[in-house]
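In: Here is my input; please provide its structure:
(one chain, ligands or ions: 1)
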Amino acid sequence: MPLTALPAWRALAAHFETIRDAQMRDWFAAEDAHAPTRAQRFTRTGGGLTLDFSKNRITDQSFALLLQLAREAGVEQKRDAMFAGEIVNPTEKRAALHTALRASDAHAPHAALIHQALEKMSAFAERVRGGHWRGYTGKPIRSIVNIGIGGSELGPKMVCEALHPFGTADLDVHFVSNIDGAEIQRALESIDLDTTLAIVVSKTFTTLETMSNARTLRDAFLQRGAPEAALNMHFVGVTANAQAAIQFGIAFEHLFEMWDWVGGRYSLWSAAGLAIMLKIGPTHFSALRAGAQQMDQHFLNAPLGNNLPVIIALLGIWYRNFFGAQSHLIAPYTSALRHLPAYLQQLEMESNGKSVDLDGQPVPYATAPVLWGAPGTNGQHAFFQMLHQGATLVPTDFIAALKPEHSLFDHHVKLLANCFAQSEALMRGQDADPAPHLRCPGNQPSNTLLLEALTPRALGALLALYEHKTFVQAAVWRINPFDQWGVELGKRLSIAIARALNSTQTLEDVHDSSTRMLIECATHWMKEKCRSAFQGLLDE
Ligand code: F6P
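Out: You can find the predicted model right below:
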């Protein structure tokens, strides 16, 4: 039966018509002193996190219908299939076992392999952190350069930043991802090659950006006189393609494995998170995994109505498919989570930005919304105006840590006050004012996620929460959240255009007139540059 024909979907569509114009502030105002409040009815804990979802445009009936939708969509069976290692990524004929990466159960899929890989990572991290791994001039490592992009960068970068207080000050970690040469050049300006270790992270070991940056860094070593053999002490690789990494020049024993049953955007728990382990150490890395495992267990065992990932996924579906929301805002009220929105963008949009279902049929409903965000309070002074007085529905996730990571208590009080005030203002609005320009319609929905503190454990739980939210939405939408065929077309075309930019031949008629014109502008500029460089040589 098509999703939109399920009894729960139809009931939700009818129910939506009855509450589409209801005001959340009226529901809160009408609370009966003798009955549980909305906050009591719509707050749950799981994996060490607290979720208050009472400021959503739902009644008890909406919530019950959403849970019924999850049941009818087979979310529980699909979840169990994923944990059991069944092929849940049919277009690539792969399992999706990121949960196995943090399982403590010796019977979990690939347990021995994962344990072995973690041991290798830990031993390596201890050597580097202890100053025993030395560069070719005999100096200990002080800088790590993580070369990778997408899932091979966003997770590690976000976690290193979030857990900075848990990291060693003896190692600075740089992330180089973009093909824009400015990035690797800036990294080169701020590191001393003698004390630098590069981690080339690429599941495929073919990604254009990563390979170009890795080659540029390798050339920098050679240009400063390092012998080829010395590169071994400065490069390690993380990949599922050992052959290509060895061909690049990384010794087999300096390779850390990625597996085809873990997607790039789900891989920070594996060797793809080596930079994290180097920065925060094996013990904190274990705590990060343990937090994720706690959320995995919660997702597996909690009834749907108490299940945090299920709840936030269903609320997302409620807004996307019934209210027509186009986007979803992530507002972490902690600067340390400044890279969280970018990480979640890949997680949710690369996973669920699909419009063909598991049977290859076009889906007649919306899937992943645009996810965006910035840390509070900065967002308040930038785009929150639109949330308060614009005409667009934007569901928001507020994320706050109750205990600060610093000792400036006064700042923390103001930070939390702002976080709670924004969700209240967005819910309540202000329409009593006679001046129209002062009116705020309110009724903007939000979740508030509370962490006790931004520890490795809490962060692990938070990230697993969003991984499972993504999975639940895909399960309801009947799409494959584990492939990403859409990115291939742009990659293919860029190779053809790079060839055109490098060649003197006239352009084939394969490009449209706009693209041809852009290529011609660039080739003209490049010819000019070559001419002036040549002229410069003649002048000398
Ligand atoms: O192009 C998209 C993508 O394949 C992502 O899914 C992935 O995280 C990223 O590129 C990097 O891929 P790799 O780790 O193979 O270099």
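
In: Tell me which stretches of the stretch 401-540 of the chain form strands.
Out: 446-453 (DSSP state E, counting those that start in this stretch).

In: Write out the residues of it neighbouring the ligand.
Out: 484, 487 (CB under 6 Å from any ligand atom). No exception for glycine: its C-beta is placed from N, CA and C like everyone else's.

In: give me the number of residues near the residue of the stretch 401-540 of the chain found nearest the ligand?
Out: The nearest approach of the stretch 401-540 of the chain to the ligand comes at V487, 3.9 Å away (CB to the nearest ligand atom). Using other CB atoms under 10 Å, V487 has 10 neighbouring residues.

In: ok, the closest residue to it other than its chain neighbours to G486 distance?
Out: Of all residues not flanking V487 in the chain, E350 sits nearest, at 7.5 Å (CB to CB, 6 or more residues apart in numbering). Relative to G486, E350 is positioned 8 Å away (CB to CB, to the nearest Å).

In: Of those two, which one has the most company?
Out: Remark: of E350 and G486, E350 carries more neighbours, 22 against 11, as counted by other CB under 10 Å.

In: what sits against V176?
Out: By CB atoms under 8 Å, 6 or more residues apart in numbering, the contact list for V176 reads 145-147, 183-184, 187, 213, 217.

In: rerun at 7 Å
Out: 145, 147, 183-184, 187, 213 (CB atoms under 7 Å, 6 or more residues apart in numbering).

In: Sketch out the low-pLDDT regions of the stretch 101-250 of the chain for me.
Out: Counting by pLDDT under 70, not a single residue of the stretch 101-250 of the chain qualifies.

In: Enumerate the residues of it near the ligand.
Out: 149-152, 202-204, 207, 210.

In: ok, the residues you listed vs H468, which is closest?
Out: G151 (16.8 Å; CB to CB).

In: Correct me if wrong: the closest one contacts G264.
Out: Yes: G151 is within contact range of G264, at 2.9 Å (criterion: CB atoms under 7 Å).

In: Which neighbouring elements make contact with the helix or strand Q294 falls within?
Out: With secondary structure defined by DSSP states H and E, Q294 is part of helix 274-301. With contacts defined as 3 or more CB pairs under 7 Å, 6 or more residues apart in numbering; DSSP states H and E, the packing partners of helix 274-301 are helix 75-83, helix 111-129, strand 143-147, helix 154-162, helix 456-477.

In: now with 6 Å?
Out: helix 111-129, strand 143-147, helix 154-162, helix 456-477 (3 or more CB pairs under 6 Å, 6 or more residues apart in numbering; DSSP states H and E).

In: ok and the third one relative to helix 274-301, angle-wise?
Out: Helix 154-162 and helix 274-301 are oriented at 100 degrees to each other (axes from the mean of the first three to the mean of the last three CA atoms, to 10 degrees).

In: and if you look at the first one?
Out: Angle of helix 111-129 versus helix 274-301, following the same axes, to 10 degrees, is 150 degrees.

In: quick check, distance from helix 111-129 to the centre of its chain.
Out: The chain centroid and the centroid of helix 111-129 are separated by 24 Å, computed with CA atoms, centre = their mean, to the nearest Å.

In: Equivalent analysis for the last one, please.
Out: Mean-position distance between helix 456-477 and its chain equals 10 Å (CA atoms, centre = their mean).

In: what about dumping the CA coordinates of it to CSV?
Out: Taking C-alpha atoms only, helix 456-477 is exported to CSV below (Å, rounded to 0.1, in the frame of the first residue of the first chain):
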residue,chain,number,x,y,z
PRO,A,456,32.3,13.0,24.8
ARG,A,457,29.5,10.7,26.1
ALA,A,458,26.7,13.2,25.6
LEU,A,459,28.0,14.2,22.2
GLY,A,460,28.1,10.6,21.1
ALA,A,461,24.4,10.2,22.1
LEU,A,462,23.4,13.4,20.4
LEU,A,463,25.0,12.3,17.1
ALA,A,464,23.5,8.8,17.2
LEU,A,465,20.2,10.5,17.9
TYR,A,466,20.4,12.4,14.6
GLU,A,467,21.7,9.3,12.7
HIS,A,468,18.6,7.4,13.8
LYS,A,469,16.3,10.3,13.2
THR,A,470,17.5,10.2,9.6
PHE,A,471,17.0,6.5,9.4
VAL,A,472,13.4,6.7,10.7
GLN,A,473,12.5,9.4,8.2
ALA,A,474,13.9,7.3,5.4
ALA,A,475,12.0,4.3,6.7
VAL,A,476,8.7,6.2,6.6
TRP,A,477,9.5,7.8,3.2
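
In: quick check: mean pLDDT across it?
Out: The pLDDT scores in helix 456-477 average 98.

In: Now do it against helix 75-83, angle only.
Out: 120 degrees.

In: Can you pull out the residues in contact with helix 456-477?
Out: Applying CB atoms under 6 Å, 6 or more residues apart in numbering, the contact partners of helix 456-477 are 47-49, 73, 75, 78, 162-163, 284, 287-288, 290-292, 294-296, 299, 308-310, 312-313, 316-317, 344, 347-348, 351-352, 367, 451, 481.

In: Over to stretch 10-25?
Out: Contacts of stretch 10-25 (CB under 6 Å, 6+ apart): 65, 322, 427-428, 443.

In: and if you look at stretch 192-201?
Out: Against stretch 192-201 from outside (CB under 6 Å, 6+ apart): 135, 137, 139, 141-148, 152, 214, 217, 221, 224, 234-238, 272, 274-275.

In: G281 - how many residues pack around it?
Out: Neighbourhood size, G281 [other CB under 10 Å]: 19.

In: residue contacts, whichever residue of the stretch 1-150 of the chain sits closest to the ligand?
Out: Nearest to the ligand, among the residues of the stretch 1-150 of the chain, is G150, at 2.8 Å (CB to the nearest ligand atom). Counting by CB under 6 Å, 6+ apart, G150 touches G264.
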